[in-house]
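Enquirer: Sharing a model that was predicted from the sequence below.
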Amino acid sequence: MKLELSNVTKTYRGKPAVSDVTMRIGPGVLGLLGPNGAGKSSLMRILATITRPTAGSVTWNGADIAVRPASLRRVLGYLPQDFGVYPHLSAREFLRYLAAVKGLSARSARARVDELLELVNLADTGSRPVGKFSGGMRQRLGIAQALLGDPEVLVVDEPTVGLDPEERMRFRNLLGDLASDRIVILSTHIVSDIEAIADDIAVLAGGHLRWRGAPEDLLRSATGTVWESVVPADAVADIRRRGMVTRIVRTAGGVRVRTVATAPPTADACPVEPDLEDAYMFAVGPATAQFEVTR
């Protein structure tokens, strides 16, 4: 079970969305991290055989999927970022319809649909019209349709956008459970989505693969670059010019600022251990710096 990308490039109207990406992917969860516009969805569409690379190749167990897409499609489950449904169908009817499209027999489809509704915790609502589902329920239905053929490769693109914290946690746990005997590729710009379940991380920015490896190695790469300072509110702008501000906490004694920088951003800045979000920001660089304000 081996998915390999070799110098994959994708351009649209002469502009590169993905540039020279090379990776070898095996069983487990690969977290594909990157800011909006990094090229993640373009890469996921290539892996899902929806579009072809402009240059380079993707092979599944040695077969080029641009030449032989069926070799991967037979074992592929895909949940795109925008997952469309038929709102008047019930969840059970919707999944049985898609099972027929995939070529499952009526008997096999009934058993598989019931099994998947139980797996994604929708068994009690399987007769409810999909149009009345919450965002989290729709995403769980989406993962169920992606699993209809018991795929060896599961590709999910930004699956937790718009979900509440409880639904996000449930969705992450589900993906983690599924990864024991298959390849799961999870694309997201939300670090917490992959922090607990990914055993492999790829960081994409500007279409380029900036980093690839285990989460603990990504953390080590940022050691010595994370600082905390307590400063007056009007000093925060100056700190932003010296590094990437990843977090701001307002306290009674001032503003506690967490910064990713190669040198202390203030004279009294204290070094702190990086978390995965710090390490991710260090990998993508200052052009994509973001910060979070906590009150």
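Expert: The structure has been received and is ready for your questions.
Enquirer: Ser224 - that's part of a strand, no?
Expert: Not quite, residue 224 is Gly, not Ser. No: Gly224 sits outside any strand when classified using DSSP: H, G, I helix; E, B strand; the rest coil, being coil.
Enquirer: Might you report the residue contacts of it?
Expert: Gly224 sits next to Pro271 when contact means Cβ atoms under 8 Å, 6 or more residues apart in numbering. Any C-beta I mention is one placed from the backbone N, CA and C, and that applies to glycine too.
Enquirer: Let's see that with 10 Å instead.
Expert: Thr262, Ala263, Pro271, Pro274 (Cβ atoms under 10 Å, 6 or more residues apart in numbering).
Enquirer: Contact partners for the third one?
Expert: In this case it means Pro271. Here Pro271 is in contact with Thr223, Gly224, Thr225, Val226, Trp227, Glu228, Pro264 (Cβ under 10 Å, 6+ apart).
Enquirer: Who wins on neighbours among those?
Expert: Within those, Val226 tops the neighbour count with 25 neighbours, counted by other Cβ atoms under 10 Å.
Enquirer: Which of the contacts of Pro271 sits closest to Phe282?
Expert: If you rank those by distance to Phe282 using Cβ to Cβ, Thr225 comes first, at 5.5 Å.
Enquirer: any low-confidence regions in the stretch 151-295 of the chain?
Expert: Along the stretch 151-295 of the chain, the parts satisfying pLDDT under 70 run over 286-295.
Enquirer: For it, which segments are assigned as helices?
Expert: Residue ranges of the helices in the stretch 151-295 of the chain, as given by DSSP state H, counting those that start in this stretch, are 165-178, 191-195, 215-221, 236-240, 276-284.
Enquirer: export the ones you listed to JSON lines and tack on distance to Gly37?
Expert: Listed next are the helices of the stretch 151-295 of the chain as JSON lines, based on distance: least, Cβ to Cβ, whole Å:
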{"stretch": "helix 165-178", "distance to Gly37": "22"}
{"stretch": "helix 191-195", "distance to Gly37": "17"}
{"stretch": "helix 215-221", "distance to Gly37": "21"}
{"stretch": "helix 236-240", "distance to Gly37": "21"}
{"stretch": "helix 276-284", "distance to Gly37": "11"}
